[in-house]
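*Asks:* I'd like to go over a predicted model; first the sequence, then the structure.
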Amino acid sequence: MKKQLQEKKITLGVCYYPEQWPKSLWDDDFKRMKELEFQYVRMGEFAWTIFEPQEGQYSFELFDEAIECASRHGLKVILGTPTATPPAWLTHTYPDVLNASQNGVLYQHGMRRHYNYNSEIYRELCQKIVTEMVLHYKDHPEIVGWQIDNELNCEMNVFYSDSDHRAFRKWVQDKYKTLDQVNEAWGTVFWNQTYTEWEQIYLPRPTVQDSPNPHQALDEKRFISDSAISFAKLQADIIRREAPRQWVTTNGLFGHLNSHQLTDDMLDFFAYDSYPNFSTIFPENSNKPLLDRKWSWNLSIVRSISPNFAIFEQQSGPGGWVNRIKQPSPKPGQLRLWSYQSIAHGADMVLYFRWRTATQGSEIYWHGINDYHNLPNRRVDEVTNVSSEIQKVGEAIAGSIYTAEVAIVFDYDNEWDGELDEWHGPFAKASQQEWFKAFQYSHIPVDVLNLHKSSTLEDLQKYNVLIYPHPAIMTEQTAQLLEQFTENGGKIVFGCRSGYKKGSGQTYMKPFPGVLSKLTGITVDDFTTIGPFEEAPSIIWSTNDKQGTVEHFNETLTVQSDQVNVLARFHGTYYEGKSALTKHAYGKGSAYYLGGGFNLDIALMLLSELQLETPIKSMTLPEKVELAIRTKAGQQFIFLLNYAHQPQEIFLEEKMVDLLSGQTLESHVTMKPYDVYIFHK
């Protein structure tokens, strides 16, 4: 059973930093929060020096007063443990706590997240401050829960301090037991990298051509994830022991961290920080980019961790640090749109970042709901509108689950291995995005499925179709699980570079696609990357002469089973006429294999072949409008979200009531720019 948020209604709140504002502002701030019908205020995650001004000297007066003030106005409080920003007295006295670059240069005090997870003295000092805070606040009736640290692995997700090298050596020893096993797993016989003493083992260090041992580099990512999880567990255990009535979570979704394992092992639910404008200023390099709508992909990953989750930081204004990131202001309606984007994908708690824009520090341009001057503005008006609407629909929608019959599959091993391995990593990211666009533009709700060694057939059979674009690492156990899924009637789609690596990242001595050959019914005859001055070849479908371009990498396929149907062949290249796309009837289901990377056109063609279409037949929607469905007790809540800055025409074949406005709509309907409808069936 997945861990998820348990709210009886959709709730709103805001992030607030009482230590950054004069006390004279607090009462009015909390009063206005309550007038907005906020339920929660989140605070404390950057205030270690306030709580412990000197080592071993604890002070709670400021936050006691702030929490009491919030409580008087009927606000519940979420407290953060302050371990993301160790104090100057701590880093000065104990430089061992600092993180280091791969070259061994220490990152100094002056920003945040400058510590490492494996310093024994840092872990000890974190235990002490968390214990003191929890003991002080465990019985406070208005403190509902704790956020561990803040955005684990944000800003920096690699660690090379002396403490990390020592901890990695111990981690490797615990995992492999003997040096022979290490040398086998890392393939150290290649280039004479063999280890003969444990003291010779380090995290990857600078190498010629910046090319570390790839199998060691994969274990590095696993170690970093385990280190972050161990650090979080250190704090979670204290909260569980001393304050069992208060829930435990953490926020963010960052690299080199298995957030699924983190949540399953120690959290009550997962929380996310949602900034859709990041995809506007850093758009994916592809045709018809999703821009801020791409954030629905991130939210889908979050939903795979906790079906109902919390947003601890919802973008509410333009964002930027003094020296980097320049996000434009949300257009009128976008703040509301992004709030419902989070809710549509499973958020039952949304906290805006932040109450008022900071007047000091690196984030003086990371705007909150209120500006520096504290006067009314359109962002306050928009949040007021959202809050008013949520009061009408929040109880009905809370606890409902996003509903999809198809999932895009990912796993951490391939994600981490693909960071270094350019023969499959870049293809996976690109293909995931192109498939997600195809589902979005076709109004087909889609989930994300995290596949891991404990995944069961029951996990997979929630879906009719799985898209697993380029799983280079594929264990025999996982291959057998996918065979069972297909044999029982499921459909699964693979792309090039699938199935040929073991869990260590070493390759099988088998024809490509390795352990997936039985399921796909093919082997790879030949392969090539597409060079920088080459055009990607096209494929021609056997049944209807449709054409598409197969990008990044090409594999020509040899049929090995009489149950294989060749759906498309290559055209316009030296492998003219060779099989490019196949369908293997396997048991009651089918396995598809494309000898290339996926783009939007190919994905759209395969949607038709897979017989996938929008589940809501009574609506005709344009591409710019996202369809999402949440379901509870047989009831459907249908979300329509317009991401366009122009009006969009939709067609409703039957009368439907928009829960937000109360209007009855039918036939041709015009959605305003950035507008949202929620229908109930």
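*Replies:* Everything's here; your move.
*Asks:* from the opening residue of stretch 500-517 to its closing one, how far?
*Replies:* 10 Å (CA to CA, to the nearest Å).
*Asks:* and for stretch 299-310?
*Replies:* Stretch 299-310 has an end-to-end distance of 11 Å (CA to CA).
*Asks:* for that stretch, the averaged confidence score.
*Replies:* Taken as a whole, stretch 299-310 has a mean pLDDT of 98.
*Asks:* and I224, backbone torsions?
*Replies:* Per-residue torsions, I224: phi -60, psi -40 (degrees, to the nearest 10).
*Asks:* next, the buried residues of the top strand by length along the chain.
*Replies:* Longest strand in the chain by number of residues (criterion: DSSP state E): strand 648-657. Neighbour-count burial for strand 648-657, counted by 16 or more other CB atoms under 10 Å, picks out 648, 650, 652, 656. For glycine as for every other residue, the C-beta is placed from the backbone atoms N, C-alpha and C.
*Asks:* ok, for the last one, nearest residue in space, not its chain neighbours?
*Replies:* Closest residue to M656 in three dimensions, ignoring its sequence neighbours and counting by CB to CB, 6 or more residues apart in numbering: F679, at 4.5 Å.
*Asks:* wasn't the one you found part of a strand?
*Replies:* Yes. F679 forms part of a strand when assessed by DSSP: H, G, I helix; E, B strand; the rest coil.
*Asks:* can you give me every residue that contacts it?
*Replies:* If you count contacts by CB atoms under 8 Å, 6 or more residues apart in numbering, F679 has them with 637-638, 640, 656-659.
*Asks:* and the two most separated of those?
*Replies:* Between any two of these, the greatest separation by CB to CB is 13.1 Å, found for L640 and V657.
*Asks:* and the nearest residue to F439 once chain neighbours are set aside, how far is that from N464?
*Replies:* Leaving aside its chain neighbours, F439 sits nearest to V446 (4.2 Å; criterion: CB to CB, 6+ apart). Plainly put, V446 is 12 Å away from N464 if you go by CB to CB, to the nearest Å.
*Asks:* quick check: buried residues in stretch 39-56?
*Replies:* Buried positions in stretch 39-56, judged by neighbour count with 16+ other CB under 10 Å: 39-52.
*Asks:* in strands only, show me those.
*Replies:* Residues of these located in strands (DSSP E): 40-43.
*Asks:* CSV please, covering those and showing pLDDT and distance to K170.
*Replies:* Formatted as CSV, those follow (pLDDT from 0 to 100; distance: CB to CB, whole Å):
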residue, pLDDT, distance to K170
Y40, 98, 40
V41, 98, 41
R42, 98, 35
M43, 98, 36
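*Asks:* domain map for this protein?
*Replies:* Using automatic domain parsing, the domain ranges for the chain come out as 406-609, 619-680.
*Asks:* JSON lines for the ones you listed, including mean pLDDT?
*Replies:* Formatted as JSON lines, the domains of the chain follow (pLDDT from 0 to 100):
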{"stretch": "domain 406-609", "mean pLDDT": "96"}
{"stretch": "domain 619-680", "mean pLDDT": "97"}
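*Asks:* strands of the stretch 101-250 of the chain, start to end?
*Replies:* Using DSSP state E, counting those that start in this stretch, the strands of the stretch 101-250 of the chain run over 143-147, 247-249.
*Asks:* reformat these as CSV; add distance to S362.
*Replies:* Formatted as CSV, the strands of the stretch 101-250 of the chain follow (distance: least, CB to CB, whole Å):
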stretch, distance to S362
strand 143-147, 21
strand 247-249, 25
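*Asks:* okay, those in a markdown table with mean pLDDT and mean neighbour count next?
*Replies:* Listed next are those as a markdown table, based on pLDDT from 0 to 100; neighbours: other CB atoms under 10 Å:
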| stretch | mean pLDDT | mean neighbour count |
| --- | --- | --- |
| strand 143-147 | 98 | 22 |
| strand 247-249 | 98 | 21 |
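*Asks:* of all these, which lies closest to N488?
*Replies:* strand 247-249 (35.5 Å).
*Asks:* mind giving me the packing neighbours of the helix or strand following that closest one?
*Replies:* Beyond strand 247-249 on the C-terminal side, the first helix or strand identified by DSSP states H and E is helix 259-266. Counting contacts by 3 or more CB pairs under 8 Å, 6 or more residues apart in numbering; DSSP states H and E, helix 259-266 packs against helix 214-242, helix 295-305.
*Asks:* which of those has the highest mean neighbour count?
*Replies:* Highest mean neighbour count of those: helix 295-305, a mean of 23 (counted as mean count of other CB atoms under 10 Å).
*Asks:* quick check: angle from it to helix 259-266?
*Replies:* Interaxial angle, helix 295-305 versus helix 259-266 (axes from the mean of the first three to the mean of the last three CA atoms, to 10 degrees): 30 degrees.
*Asks:* all the helices of the stretch 301-450 of the chain, in order from the start?
*Replies:* For the stretch 301-450 of the chain, the helices defined by DSSP state H, counting those that start in this stretch occupy 334-344, 378-397, 412-420, 425-441.
*Asks:* quick one, what contacts S274?
*Replies:* When contacts are counted by CB under 8 Å, 6+ apart, S274 touches 295, 298-299, 311, 313-315, 338, 341-342, 347.
*Asks:* please repeat the previous calculation with a cut-off of 6 Å.
*Replies:* Neighbouring residues of S274 by CB atoms under 6 Å, 6 or more residues apart in numbering: 311, 314, 342.
*Asks:* hang on, the second one packs against V350?
*Replies:* Yes. Taking contact to mean CB atoms under 6 Å, the distance of 5.1 Å between Q314 and V350 places them in contact.
*Asks:* can you name the residues bridging to H584?
*Replies:* Beta-bridge partners recorded for H584 (DSSP bridges): V564, A591.
*Asks:* that one against V564, yeah?
*Replies:* Yes. The pair H584 and V564 passes the contact test of CB under 6 Å, sitting 4.9 Å apart.
*Asks:* for S227, give its distance to R630.
*Replies:* Remark: distance between S227 and R630 (CB to CB) = 36 Å.
*Asks:* now S24
*Replies:* Distance from S24 to R630, counting by CB to CB: 43 Å.
*Asks:* so what sits against both of H584 and V564?
*Replies:* Taking CB under 6 Å, 6+ apart as the contact rule, H584 and V564 both touch G521.
*Asks:* one step back: out of the helices and strands packed on helix 259-266, which gets nearest to W416?
*Replies:* Nearest to W416, of all the helices and strands packed on helix 259-266, is helix 214-242, at 3.7 Å by CB to CB.
*Asks:* tell me what angle the closest one forms with helix 412-420.
*Replies:* Put simply, helix 214-242 runs at 130 degrees to helix 412-420, going by the same axes, to 10 degrees.
*Asks:* and the angle for helix 214-242 with strand 143-147?
*Replies:* Interaxial angle of helix 214-242 relative to strand 143-147 (the same axes, to 10 degrees): 160 degrees.
*Asks:* got the end-to-end distance for stretch 643-651?
*Replies:* Note: stretch 643-651 ends 17 Å apart using CA to CA.
*Asks:* how far is that stretch from where the chain is centred?
*Replies:* 28 Å (CA atoms, centre = their mean, to the nearest Å).
*Asks:* who touches it?
*Replies:* Stretch 643-651 has contacts (CB under 6 Å, 6+ apart) with 293, 620-622, 624-625, 642, 668-673.
*Asks:* wait, what's in contact with H260?
*Replies:* By CB under 6 Å, 6+ apart, the residues touching H260 are 305, 450.
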